[in-house]
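# Kindly generate the corresponding structure for this input.
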Amino acid sequence: MQKTSLTALARVQLDAARSASSGRSAKTVYGGHEHLLRQTVIALRADEMLDEHENPGEATVQVLHGRVVLTAGDDSWSGWTGDLIIVPDAPHSLTALEDSTVLLTVVKHR
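Here you go, the predicted structure:
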């Protein structure tokens, strides 16, 4: 069994994002190439974004800290600390409206 503090990891990743030239930082906490389930803590400085990309599988975004907007085509969903957003099966982007951290959970297609 393994235990990870998402609160502590979110704080570390947000500090890294604030000092990174890209304005973002990420750490996979579970999964990887050998697993179908992957969970990654992603930190974004305010006004930074993950550009539009495809879904590698079913996915959710849980907002650990801050405020984000997930956009897919003409639709968008706002998320605040504690919110869970189901990622649509369509090209989408994620924008931080303030310094934010999220937990991205993906079950990859086989």
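# Buried by neighbour count: which residues of stretch 76-93 qualify?
W77, G79, I85, V87, H92 (16 or more other Cβ atoms under 10 Å). The way it works is simple: take the backbone N, C-alpha and C, and place the C-beta from them, glycine included.
# Equivalent analysis for stretch 11-30, please.
Applying a neighbour-count criterion of 16+ other Cβ under 10 Å, one finds R11, V12, Q13, L14, A17, G23, R24, S25, A26 buried in stretch 11-30.
# Grab the nearest non-local neighbour of D83.
Once flanking residues are discounted, D83 sits nearest to V63: 4.8 Å by Cβ to Cβ, 6 or more residues apart in numbering.
# What strands line up against whichever strand or helix holds that neighbour, and which way round?
Using DSSP states H and E, V63 sits within strand 57-65. Strands adjacent to strand 57-65 in the sheet, as given by DSSP bridges, are strand 84-87 (antiparallel), strand 100-108 (antiparallel).
# Alpha carbons only: can I get the shortest one in PDB?
Taking C-alpha atoms only, strand 84-87 is exported to PDB below (Å, rounded to 0.1, in the frame of the first residue of the first chain):
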ATOM      1  CA  LEU A  84     -15.000  17.400 -10.200                       C
ATOM      2  CA  ILE A  85     -15.300  17.900 -14.000                       C
ATOM      3  CA  ILE A  86     -15.900  15.000 -16.300                       C
ATOM      4  CA  VAL A  87     -13.800  15.600 -19.400                       C
END
